[in-house]
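Chemist: below: sequence and its predicted model.
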Amino acid sequence: MTVFLVGGGPGDPGLITVRGAELLAGADVVVFDRLASSLLLDLAPAVAERIDVGKAPGRVEMDQDGINAVLVDRGARGLSVVRLKGGDPFVFGRGGEEAEALSAAGVGFEIVPGITSAISAPAYAGIPVTHRGLSTHVTVVTGHEDPAKGRTDVDWEALARAGGTLVILMGAGRIAVIAARLIAGGRADDTPVAAVRNGTRPDQQTVRTTLAALAASEVVIKPPSAIVVGAVAALDLGWFEGRPLSGCRVVVTRAREQASGLRTRLEGLGAEVIELPTIAIAPLPFAVPDLGAYAWAVFTSANGVRHFFERGLAANGLDARGLANLRVAAIGPGTATALADRGVRADLLPDRFVAESLLEAFPAPDTGGERVLLIGPETARDVLPEGLRVAGYVVDVLPVYRTETAEPTPSLLKQVRRGEVDAITFTSSSTVSNFCDLVGPLPEPAPAIVSIGPVTSATALERGLTVTTEADPHTVDALVEALLATLGRTDVVG
């Protein structure tokens, strides 16, 4: 095994390289700093050791000598170690120092480059660092040198004379001094400047100004920012910050295994998604009955489909053909899609995606005593089984999973309790009930509450929440559109 110095990219987890993602998936140990997206840590196996060595102003989890020692120790044990760094490990990332320490200790290592914020942050702000007719070259420089040196190696006046585009990293704290020295070196005081804070992340913000304004401390630049100086900084080919949900913080309460699709959709629209799973899906032991005894199989959730197929049919050497002689009903399009993914087309899908609508659409039995197998969670409303029995069917309920209260990250719970979110989405009654039990009363003014349907909304009202918007139809896609309408950004929906 070896130690892999992996560039995690600038913040958007989608910008990690394929090689970096592959190494994370097989890691025994992940040593990460504060600039690495927390989503990247989810790529590592659950059993992998995670070591936080992040540095922030006023807080250092571990100094560089300590980091080097950890890498040498874990690498010498023959473990697969991923040192996950923000941006690129060799662009102001101290990856060279870590490689030197590993080399001196005789521990093998590999460098996996990452996308540096010096290029990506301006790109996400619509600023090309080179542009025909404006800039033929780009210089990347740090604004924060090692204080232990007792000197500066950056000749800002010389950089001013070099022209082209200048990208300054880690320079927010000294930008007034830096701007004054660039002007002294010959850069025009009206030279455009763009500072991109938290580049490529959902909360990205771009401040546009001039060298003169910075030198006079008229504009505040907050870290972490990539600061672009030069004619290209006047270009505004913006796309990222103008997305419909940019700047909005949205809570997703679905179970973690269900949340990825909704999260991806919301992030694609620009939202910062706070994944706060209030329920966890726990499998139940069950045996697949004699399917030949049934006329109908009714699935009430995509989770029911997954567990029935993966732990029921597959465990008995069966697949979709096991349902060949049954008619199949799905309570909604998500459930129908889960069935279609496994080769089964639903024979019955109601117009409205609730139990009452499915009952209305259900045909009367051809003969007395026809059997229905109802597949879903352990705890569910009695509306569907009781209604089918009244209609003349014999109903067997097969619970294949249960929903349990999850344990969200305490720091995320605090954010919601402090009212640091714009909207909360609920996709089931259980997400509402568990959310209320975990979070307690919401602060005023309360965030928008967006519900997937009437049953979920009713539970929210019972728990004292005011539902702002309800999805219609009752699907995840409609939930996203309801959220867009609630936050008033439907003018830019793509």
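Modeler: Looks like it came in fine. Residues are numbered from 1 along each chain as shown.
Chemist: give me the buried positions along stretch 246-254.
Modeler: 246-254 (16 or more other C-beta atoms under 10 Å). Placement of C-beta: from N, CA and C, glycine included.
Chemist: just those: which are in strands?
Modeler: Mapping the buried residues of stretch 246-254 onto strands (DSSP state E) picks out 249-252.
Chemist: before we move on, back to that, and of the buried residues of stretch 246-254, the nearest to residue 417?
Modeler: Lowest distance from residue 417 to the buried residues of stretch 246-254 (C-beta to C-beta) belongs to residue 251, with 11.5 Å.
Chemist: tell me the bridge partners for the closest one.
Modeler: When assigned by DSSP bridges, residue 251 has beta-bridge partners residue 274, residue 424.
Chemist: for the spatially closest residue to residue 84 that is not a sequence neighbour, give me its contacts.
Modeler: Closest residue to residue 84 apart from its sequence neighbours, by C-beta to C-beta, 6 or more residues apart in numbering: residue 32 at 4.3 Å. Going by C-beta atoms under 8 Å, 6 or more residues apart in numbering, residue 32 touches 8, 40-41, 50-54, 83-85.
Chemist: coming back round to it: and the buried residues of stretch 246-254, which is closest to residue 298?
Modeler: Using C-beta to C-beta, these come closest to residue 298 at residue 254, 22.4 Å.
Chemist: need the contact list for the closest one.
Modeler: 262, 277, 279, 425, 427-428, 431.
Chemist: next up, phi/psi of residue 435, please.
Modeler: Dihedral pair for residue 435: phi -60, psi -50, per degrees, to the nearest 10.
Chemist: for residue 136, see how far away it is.
Modeler: Counting by C-beta to C-beta, to the nearest Å, the separation of residue 435 from residue 136 is 55 Å.
Chemist: and those two? which has more neighbours close in?
Modeler: residue 435 (27 against 11; other C-beta atoms under 10 Å).
Chemist: returning to what we had before: want to try TSV for the buried residues of stretch 246-254, with distance to residue 125 as columns?
Modeler: TSV is the format used below for the buried residues of stretch 246-254 (distance: C-beta to C-beta, whole Å):
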residue	distance to residue 125
246	12
247	14
248	18
249	20
250	22
251	27
252	27
253	32
254	32
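Chemist: pipe those residues into TSV and attach pLDDT per row.
Modeler: Compiled in TSV, the buried residues of stretch 246-254 are given as follows (pLDDT from 0 to 100):
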residue	pLDDT
246	90
247	87
248	93
249	93
250	95
251	95
252	94
253	93
254	87
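Chemist: name the nearest of those relative to residue 405.
Modeler: Ranked by distance to residue 405 (C-beta to C-beta), the buried residues of stretch 246-254 are led by residue 253 at 11.5 Å.
Chemist: biggest separation within the ones in strands among the buried residues of stretch 246-254, which pair?
Modeler: 249 and 252 (10.9 Å).
Chemist: who touches both of these two?
Modeler: In contact with both residue 249 and residue 252: residue 274, using C-beta under 8 Å, 6+ apart.
Chemist: per-residue confidence at residue 471?
Modeler: Reported pLDDT at residue 471 in the predicted model: 94.
Chemist: do the same with residue 411
Modeler: 82.
Chemist: same thing with the one 3 residues further on?
Modeler: At residue 414, the model reports a pLDDT of 90.
Chemist: cool, the one 4 residues further on as well?
Modeler: Residue 418 is assigned a pLDDT of 91 by the prediction.
Chemist: again, but for residue 38
Modeler: On the pLDDT scale, residue 38 is placed at 77.
Chemist: again with the one 10 residues further on
Modeler: Confidence per residue is given as pLDDT, and for residue 48 that number is 95.
Chemist: great, nothing more from me.
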